[in-house]
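In: Fold the stuff below for me.
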Amino acid sequence: MASLPQAHLFSLILLSLTSFSISQTPLIHPNALVLPLTKHASTLQYVTIISQRTPLVPLNVIVDLGGQFLWVGCGSNYVSQCFLAHGPKSCDHCLSRGRPKCNNGTCILFSENVFTSKVSAGDLSEDVLSLQSTDGLNPRSAVAIPHFLFSCAPEVLLQGLAGGAEGIAGLGHGRIGLPTLLSSALNFTRKFAVCLPPTTTSSGVIFFGDGPYAFLPGIDVSKLLIYTPLIKNPRSVATRVYVTEPLPSYEYFIRVKSIQINGKQVPLDSSLLAINKNGIGGTKISTVNPYTLLQTSIYNSFTKLFLQEAMAHNVTRVSPVAPFDVCFSTKNTNGAFSTPAIPVIDLVLQNKKVFWRIFETNSMVLVGDDVACLGFLDGGLNQRTSIVIGGHQLEDNLLQFDLESSRLGFTSSLLLRETSCVNFNFTSSL
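Out: Numbers count the residues shown, from 1 in each chain. Coordinates of the predicted model:
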């Protein structure tokens, strides 16, 4: 059978299977779904829990904001009475037999472990997926979605994931990403929101669907959102194999026009902030990278100005602590800086009035009792994406990804509003 480019393969799959995956309508149609979100202590990966298989089994999966789809490791432990996921007749890479019983005659997707850059062929499969619905205030009843598409990948691909994780939940904006499949199956708006927890001992939250997003003590965080356009990258910057033509990116990019520290502009090559025709440059948002990565020339200018502003307030610089280069003593302030001492960082967006402000809690990382370091890293001179906003800078910020309007809503630190990502009430109201 003639080989098809994977971009064409995805189109064929979706034409035949998007409607198939929602052919059995669940009994209820919630306006939104909700998932808890935790931070793994040693890997700093963000973990959520879903229920999948027939009968349902709880699974820990890693959240990849830019991932293409849900994939889980399917070894001998994958036991399910699931339905068959048949590929379209014209699909190449079709199998003569399935692994396990939920993908006989299906097609192959290339599942990727973004933490190890390992890629492996995974069988396009389907099974029941169950998530809790929400009214935005509390979790409500669970909703089961039959025939939910996922990739059944070899268990070896699980290496490098947080202990106990059984796959990766891809939240990318492609047609088989979780946000699109869930909104299609349940007929709610194609939006989702992520609020990462600031510690490894607390839980953040993911919402699929529109607000309200209510956090204790009774604050609807969806009312606090500031919006900026989401930018499409024509070329994927992720690891790919067996691709005969370029694929578009499924990740989330925004246009940062400049960076300011304490109101002073960081001198940099502005061309690095735009995405060129080869997909290089620009700014993306990532839950894979624990800290923000800056292209080397941006990093050097950024840290130089940050140090100038910090030292002007008598902050004491100390030896670096890997992986960080810029570290300060906290001895004189009992482990916390006073607000004037640590510079405020602004990512200036579509105009000077729209900026994403990063305060001390998101710019600094405590690495010991007496030391805190700037949580921005040198990504290298040839970093394909000039700015990668990492997990630490996202914590306690609610981000809403509006795929219908192609815009990002963000709050900056919720601590300024006297709430936090850990303040969603996961106690059921039923």
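In: thought Gly209 was touching Leu35?
Out: No. Assessed by CB atoms under 8 Å, Gly209 is found out of contact with Leu35, at 11.6 Å. The C-beta positions use only the backbone N, C-alpha and C, and glycine is treated the same way.
In: so what's Gln260 closest to, chain neighbours aside?
Out: Closest residue to Gln260 apart from its sequence neighbours, by CB to CB, 6 or more residues apart in numbering: Asp346 at 4.3 Å.
In: Show me what that neighbour is bridged to.
Out: On the basis of DSSP bridges, Asp346 takes part in beta bridges with Gln260, Arg357.
In: what residue ranges in the stretch 51-200 of the chain score low on pLDDT?
Out: Along the stretch 51-200 of the chain, segments meeting pLDDT under 70 span 76-77, 81-106.
In: What segments of it are strands?
Out: Along the stretch 51-200 of the chain, counting by DSSP state E, counting those that start in this stretch, strands occupy 57-64, 70-73, 108-113, 118-134, 139-153, 165-170, 191-195.
In: if we compare those, which one ends up closest to Val318?
Out: strand 191-195 (32.4 Å; CB to CB).
In: Could you check how far the closest one is from the centre of its chain?
Out: For strand 191-195, the separation from the chain centroid amounts to 9 Å (computed by CA atoms, centre = their mean, to the nearest Å).
In: Show me what that strand packs onto, helices and strands only.
Out: Secondary-structure packing of strand 191-195 (3 or more CB pairs under 8 Å, 6 or more residues apart in numbering; DSSP states H and E): helix 178-186, strand 204-209, strand 398-402.
In: What segments of the stretch 251-400 of the chain are helices?
Out: 296-311, 360-363, 391-394 (DSSP state H, counting those that start in this stretch).
In: For the longest one, buried residues please.
Out: Judged by neighbour count (16 or more other CB atoms under 10 Å), helix 296-311 contains these buried residues: Ile298, Tyr299, Ser301, Phe302, Thr303, Leu305, Phe306, Leu307, Glu309, Ala310.
In: can you redo the helices and strands packed on strand 191-195 as CSV with distance to Phe110 and mean neighbour count?
Out: Output for those, formatted as CSV (distance: least, CB to CB, whole Å; neighbours: other CB atoms under 10 Å):
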stretch, distance to Phe110, mean neighbour count
helix 178-186, 18, 22
strand 204-209, 25, 25
strand 398-402, 24, 22
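In: Tabulate those (TSV), appending distance to Asn113.
Out: TSV is the format used below for the helices and strands packed on strand 191-195 (distance: least, CB to CB, whole Å):
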stretch	distance to Asn113
helix 178-186	17
strand 204-209	20
strand 398-402	23
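In: quick one on the thing from earlier: list the contacts of the residue nearest to Gln260.
Out: Contact partners of Asp346, counting by CB atoms under 8 Å, 6 or more residues apart in numbering, are Ile259, Gln260, Ile261, Gly263, Phe355, Trp356, Arg357, Ile358.
In: Can you say which of these are buried?
Out: Ile259, Gln260, Ile261, Phe355, Trp356, Arg357, Ile358.
In: hang on, isn't Tyr227 packed against Thr411?
Out: No. With contact defined as CB under 8 Å, Tyr227 does not reach Thr411; the gap is 11.0 Å.
In: Pick out whichever of the two has more residues nearby.
Out: Neighbours were counted for Tyr227 and for Thr411 using other CB atoms under 10 Å; Thr411 has more, 24 against 15.
In: Touching, the more buried one and Leu394? I think so.
Out: No. At 10.7 Å, Thr411 does not count as touching Leu394 under the criterion of CB under 8 Å.
In: Show me the common contact partners of the two, please.
Out: Counting by CB under 8 Å, 6+ apart, nothing touches both Thr411 and Leu394.
In: on that earlier part again, which one, of the strands of the stretch 51-200 of the chain, ends up nearest to Leu247?
Out: Taking CB to CB, strand 108-113 is the member of the strands of the stretch 51-200 of the chain nearest to Leu247, at 10.3 Å.
In: if we can go back for a sec, dump the strands of the stretch 51-200 of the chain to CSV, plus distance to Ser203.
Out: Listed next are the strands of the stretch 51-200 of the chain as CSV, based on distance: least, CB to CB, whole Å:
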stretch, distance to Ser203
strand 57-64, 13
strand 70-73, 20
strand 108-113, 24
strand 118-134, 13
strand 139-153, 12
strand 165-170, 16
strand 191-195, 10
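In: Include mean neighbour count and distance to Phe324 when you put the ones you listed into CSV, please.
Out: Below are the strands of the stretch 51-200 of the chain laid out as CSV (neighbours: other CB atoms under 10 Å; distance: least, CB to CB, whole Å):
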stretch, mean neighbour count, distance to Phe324
strand 57-64, 21, 24
strand 70-73, 26, 32
strand 108-113, 24, 25
strand 118-134, 23, 27
strand 139-153, 22, 34
strand 165-170, 26, 26
strand 191-195, 25, 25
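In: OK, contacts around Arg255?
Out: By CB under 8 Å, 6+ apart, the neighbours of Arg255 are Thr228, Pro229, Ile231, Leu273, Ala274, Gly282, Thr283, Leu349, Gln350.
In: looking at this, the second one is in a helix?
Out: No. With the criterion set as DSSP: H, G, I helix; E, B strand; the rest coil, the secondary structure at Pro229 is strand rather than a helix.
In: and it, how many neighbours?
Out: By other CB under 10 Å, 14 other residues sit near Pro229.
In: Run through the bridge partners of Gly209.
Out: Per DSSP bridges, the residues bridged to Gly209 are Ala32.
In: Then the one 5 residues further on?
Out: Per DSSP bridges, the residues bridged to Ala214 are Asp220.
In: Tell me, how many residues neighbour it?
Out: 20.
In: Name the nearest residue to Leu225, ignoring sequence neighbours.
Out: In space, Leu225 is closest to Gly409, 3.4 Å off (CB to CB, 6+ apart).
In: doesn't Asn397 make contact with the one you found?
Out: No. Between Gly409 and Asn397 there is no contact under CB under 8 Å: 10.5 Å.
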